[in-house]
Every structure is written in structure tokens, then in C-alpha cells.
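>>> Pasting a predicted model and its sequence here:
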Amino acid sequence: MIEFNAKTIYYEPGKPILENISFVIEDGEIAALTGASGIGKSTILKIIAGIHTEYEGKISLPENSRIAFLLQNNCLLPWKTVYDNVVLLRKIETGQVDKKSAEKLIESLGLSGYEKQYPLFLSGGQYQRAALGQAFFYEPDIILMDEPFSALDAKTKREIQEVFLKLQKQHNITTLFVTHNPEEAEYMGSKIINLEKHKED
């Protein structure tokens, strides 16, 4: 469960962008975070991930939560193969990799035969499949996603969304994702959190 209660969120010291933001995301739930460009959606993800600290309030996560943060692009290391990118986070943390589990996940992502391929030579859809593989193989408690499907064409986007939803259901991972697309928010999210701009006095 994610319990987010922020009295004030600052983009930088002395510059508030959001006030009185509170929401709860239950274990295994998928929540969509929506709102105008520049309102602070990505900042909220960074607060939950622990990499943005300019706020007043309290954020509660399960103890020792493992968090995977999936960006729109640049999730993969270009000098590593699909296989090495998928196992990267897990290998960094534990030093060990279950090769059969990795191969099974890669197969479920529709990337069999691309294990030795480098990101530069992947299509946009293949790249995002590999990025999802990296996140899920890490076995996180929470996945945070910042518009991960926005650069894809409509057909590929729906295919990748289906892959994500299937894996998320299998692993029951609490998820918060940022989107500008109302249709995507409705399709993927069981909860929609809409942000409104901080108003100056």
C-alpha cells in the first residue's frame, strides 16, 4: 500500500507547485496519475521513489519496499543485450540470476530470439517490452511509470499495455503510472488521481 499525504510539494525550495495532495493505492492496485503538463506528476513519482525531498508531509510505503521506476525511454543500457538489461537490476542487487526464470519472462514478453540483441536495434515496442522485463524481473513491490507508452503508435501501445496488465496481474504489483491520455488512464487504471494546479494567494 502507498499512502501519500503532502501538505505542500515544492519544485525547488520556496517554489510550491502542489498543495494538500492525499491518496492511497492499495496493494496490487493500478492507479493512473493525470493532470496538466508541468503540474508535478513526475515529481510525485520521484517523491515516492525517494529521489525528490522538497515537500512537507508524510509518505508511507511497506517496509523495505523494492521499487522499479520505468521511464518513457532510456531505461536500457545501450551497451548491454536484451538479456543483460532484463536481469540487470536483480544482478546488481543479489549478484545472482536465475537464467531459466529470465528466459521464461523474456518469452512471455514476446522477445524470444532477441536475447542477444542490443537496444539500438530494437523497435520502440521491443524496447518497451525489454524495459518491462527489467522492471518485473527485479521482483518489485511497487512499479512507478512515467508515460512509458506515450512514444508508441496506437496498435503497439495497446499490445504493450496488454503485456503489462498480464504481468502485473500475475505478480500483483502495486502500480502508479503517469499519463496525459484519458483513455489510457481509464483502460489501465482501477483508480484515477487527477492533480490540479497550486493557486497563488
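Received the coordinates, thanks. Residues are numbered from 1 along each chain as shown.
>>> Quick check: phi and psi at the residue nearest in space to the middle of the chain.
Taking C-alpha atoms, centre = their mean as the criterion, Met145 is the residue nearest the geometric centre of the chain, at 2.2 Å. Here is the backbone geometry of Met145 (degrees, to the nearest 10): phi -130, psi 130.
>>> could you show me where the helices are in the chain, in order?
41-49, 82-86, 88-94, 99-108, 124-137, 154-171, 182-188 (DSSP state H).
>>> so which of the ones you listed comes closest to Glu26?
When the helices of the chain are ranked by proximity to Glu26, the top entry is helix 154-171, at 13.5 Å, counting by C-beta to C-beta. Every C-beta, even on glycine, is put in place using the N, C-alpha and C of the backbone.
>>> what's the closest one in contact with?
With C-beta atoms under 8 Å, 6 or more residues apart in numbering as the contact definition, helix 154-171 has outside contacts at 30, 108-110, 123-125, 128-129, 132, 136, 139, 143, 149, 152, 175, 184, 187-188.
>>> ok, back up a step: to Cys75, which of the helices of the chain lies closest?
Each of the helices of the chain has some distance to Cys75 by C-beta to C-beta; the shortest is helix 124-137, at 4.0 Å.
>>> Run a quick neighbour tally on Ala31.
The burial count assigned to Ala31 is 20, neighbours taken as other C-beta atoms under 10 Å.
>>> Grab the nearest non-local neighbour of the residue nearest to the centre of the chain.
The shortest distance from Met145 to any residue other than its chain neighbours is 3.8 Å, reached at Phe177 (C-beta to C-beta, 6 or more residues apart in numbering).
>>> What is the neighbour count of that neighbour?
24.
>>> pretty sure it is touching Ser150, no?
No: contact criterion C-beta atoms under 8 Å: Phe177 and Ser150 do not qualify, at 10.7 Å.
>>> so where's this structure shaky on pLDDT?
Counting by pLDDT under 70, the chain contains low-confidence residues at 72-73, 197-201.
>>> let's go with 50 and repeat that
Residues of the chain that meet the criterion pLDDT under 50 lie in 198, 200-201.
>>> Tell me how far Glu193 lies from Phe69.
Just so we're on the same page, residue 193 is Ile rather than Glu. With distances defined as C-beta to C-beta, to the nearest Å, the gap from Ile193 to Phe69 amounts to 18 Å.
>>> so Met188 sits right up against Phe177, yeah?
Yes: taking C-beta under 8 Å as the definition, Met188 is a contact partner of Phe177 at 7.0 Å.
>>> residues shared between the contacts of these two?
Common contacts of Met188 and Phe177 (C-beta under 8 Å, 6+ apart): Ile30, Ala32.
>>> picking that back up, tell me the bridge partners for the residue nearest to Met145.
According to DSSP bridges, Ala32, Met145 are recorded as the beta-bridge partners of Phe177.
>>> Great, nothing more from me.
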